[in-house]
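Peer 1: Sequence and predicted model, in that order:
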Amino acid sequence: MFERLRDHYQIHDAGVLEAMRSVPRHAFVPEALQGRAYGDHALPISGSQTISQPYIVARMTELLKQDKYQPDTVRAFRLEPHPGTFNRGVVTNGWGFPDRMGRENGQDIFLYREGLLVYFDEAGWNAKLMVFTVPQPRDPTEEPRSR
């Protein structure tokens, strides 16, 4: 997938390519389709939604970085999945244990330094809102978490 993004689609931004390399796309698709998660196509996830073709994701991310991009400005994609699409198990299987957990307005929140913030429903099981941002800096004295 990465070579195709770089060679065929001309995605050359190292940060974008690294983000595409580090996001576990297979964790966001049904188990039966996980072998196709890194292919050059969109895939159905659930709730009549799809995960976009890797090129579309890479190009949108690359466009955010162009035209007066300032790295200290937070840029984000917001996803409001259909109920049941992303539950706590899917999130932790794909992203591992969160760097931080908390509660806000009665909802559980997971924060990942890779740039994912997940708000769960009041029951604490289904992801209600997912916000993808630029990765957060890691404290150099802190041990990396395991996936």
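Peer 2: That came through, no problem.
Peer 1: so how far is residue 25 from residue 43?
Peer 2: 9 Å (Cβ to Cβ, to the nearest Å). The C-beta positions use only the backbone N, C-alpha and C, and glycine is treated the same way.
Peer 1: what do you get for residue 54?
Peer 2: 7 Å.
Peer 1: shared neighbours of these two, which are they?
Peer 2: Listed as contacting both residue 54 and residue 25 by Cβ atoms under 8 Å, 6 or more residues apart in numbering are residue 38.
Peer 1: quick one: which of these two has more around it?
Peer 2: Higher neighbour count among residue 54 and residue 25: residue 54, with 23 against 19, using other Cβ atoms under 10 Å.
Peer 1: Might you report the residue contacts of the more buried one?
Peer 2: Per Cβ under 8 Å, 6+ apart, neighbours of residue 54: 1, 4-5, 20, 25, 38, 40.
Peer 1: Pull up the per-residue confidence for residue 72.
Peer 2: On pLDDT, residue 72 comes in at 52.
Peer 1: what about residue 59, which SS state?
Peer 2: Taken by DSSP: H, G, I helix; E, B strand; the rest coil, the conformation at residue 59 corresponds to helix.
Peer 1: wait, doesn't it sit right on residue 9?
Peer 2: Yes. Contact criterion Cβ atoms under 8 Å: residue 59 and residue 9 qualify, at 7.2 Å.
Peer 1: Against residue 5, how distant is the residue nearest to residue 56 when sequence neighbours are not counted?
Peer 2: Once flanking residues are discounted, residue 56 sits nearest to residue 42: 7.6 Å by Cβ to Cβ, 6 or more residues apart in numbering. Using Cβ to Cβ, residue 42 is found at 15 Å from residue 5.
Peer 1: the more surrounded of those two?
Peer 2: residue 5 (22 against 14).
Peer 1: Kind regards, and thank you for your time.
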